[in-house]
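> below: sequence and its predicted model.
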Amino acid sequence: LHRFCTIEEQVKMVHSVRTIEVKERATAGSVSLCVMGAAIGANGDYLDRCRALIEAGISIICIDIAHGHTAVMKEAITQVRKLVGNDVHIMAGNIVTPQAAIDLTEWGADSLRVGIGSGAACSTSIQTGHGLPLLQALLDITAELEYHNVNVTLIADGGIKKGGDAVKALAAGADFCMLGSLLAG
């Protein structure tokens with residue numbers, strides 16, 4: 001769930017999804033629970049937002065900033081990990097360099113969003129000049145993680161315009177692909 005709303009609105013979205021899930025489980029006779037994630041930022045009210053989301057039942061917290069290899073991200077991961085312990089999955093990003101992958105993993109991230117500036121809605125590379133083609137970032141990061149024997153989940157984020165782009169991202173080391181315009185179009 002996105003973070004571009006008040007804490008109360010985001011918590012309301014969590015409750016709404018949970019209500020739908022309960023209705024679907026009752027209909028299907030299933031007892032499996034939905035795994036749900038929500039994004040927070042890395043400054044301002046991010047810890048209050050994280051606390052409220054955890055209380056609402058979120059199982060994945062995504063620390064979402066445009067360029068994730070920063071001291072701000074390090075502090076955010078450290079503080080969120082202190083707050084949630086090991087019971088909640090921390091996703092962090094976005095990154096494009098091998099050193100960023102190593103650092104965010106050492107700081108406590110369980111999964112990493114790879115890709116800066118390659119998505120249709122992303123203006124980071126235009127505004128900052130920072131970015132790297134997604135495929136190259138994935139290849140570089142995967143090689144570095146394998147070299148250091150680091151096991152972390154990678155999410156290809158941005159620039160997946162066709163099915164073949166997803167296949168290439170998965171072949172380059174991504175475990176998952178985020179799809180925006182491919183599905184929204």
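Happy to help now that I have it. In this text, all values refer to a predicted model and were calculated from it rather than measured experimentally.
> what helices or strands is the lengthiest strand in the chain leaning on?
With secondary structure taken from DSSP state E, the chain has its longest strand at strand 89-95. The helices and strands touching strand 89-95, judged by 3 or more Cβ pairs under 8 Å, 6 or more residues apart in numbering; DSSP states H and E, are strand 60-64, helix 71-84, helix 98-107, strand 111-114, strand 153-157. For every residue, glycine as well, the C-beta is placed using N, CA and C.
> what does it contact?
By Cβ atoms under 8 Å, 6 or more residues apart in numbering, the residues outside strand 89-95 that reach it are 37, 59-69, 73, 76-77, 80-81, 84, 101, 104, 107-116, 124, 137, 141, 155, 157-158.
> mean neighbour count for the helices and strands packed on strand 89-95 - can I get that in CSV?
Below are the helices and strands packed on strand 89-95 laid out as CSV (neighbours: other Cβ atoms under 10 Å):
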stretch, mean neighbour count
strand 60-64, 22
helix 71-84, 17
helix 98-107, 19
strand 111-114, 25
strand 153-157, 23
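> reformat those as CSV; add distance to Thr19 and mean pLDDT.
Formatted as CSV, the helices and strands packed on strand 89-95 follow (distance: least, Cβ to Cβ, whole Å; pLDDT from 0 to 100):
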stretch, distance to Thr19, mean pLDDT
strand 60-64, 19, 97
helix 71-84, 24, 98
helix 98-107, 34, 98
strand 111-114, 27, 97
strand 153-157, 27, 96
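> residues of the host helix or strand of Leu183 that come out buried?
Using DSSP states H and E, the secondary-structure element containing Leu183 is helix 181-184. Buried positions in helix 181-184, judged by neighbour count with 16 or more other Cβ atoms under 10 Å: Leu182.
> average pLDDT across it?
Mean pLDDT, computed over helix 181-184, is 81.
> low-confidence stretches in the protein?
29-33, 35, 118-131, 185 (pLDDT under 70).
> longest helix in it, by residue count?
Using DSSP state H to define each element, the chain has its longest helix at helix 7-28.
> return the distance of that helix from the chain's centre.
Centroid separation for helix 7-28 versus its chain: 21 Å, with Cα atoms, centre = their mean, to the nearest Å.
> which is the next helix or strand following it?
Counting by DSSP H and E, the element after helix 7-28 in chain order, helix or strand, is strand 37-40.
> so which elements touch whichever helix or strand comes after that next one?
Sequence order places helix 46-56 as the next helix or strand after strand 37-40, per DSSP H and E. If you count contacts as 3+ Cβ pairs under 8 Å, 6+ apart, helix 46-56 packs onto helix 7-28, strand 37-40, strand 60-64, helix 71-84.
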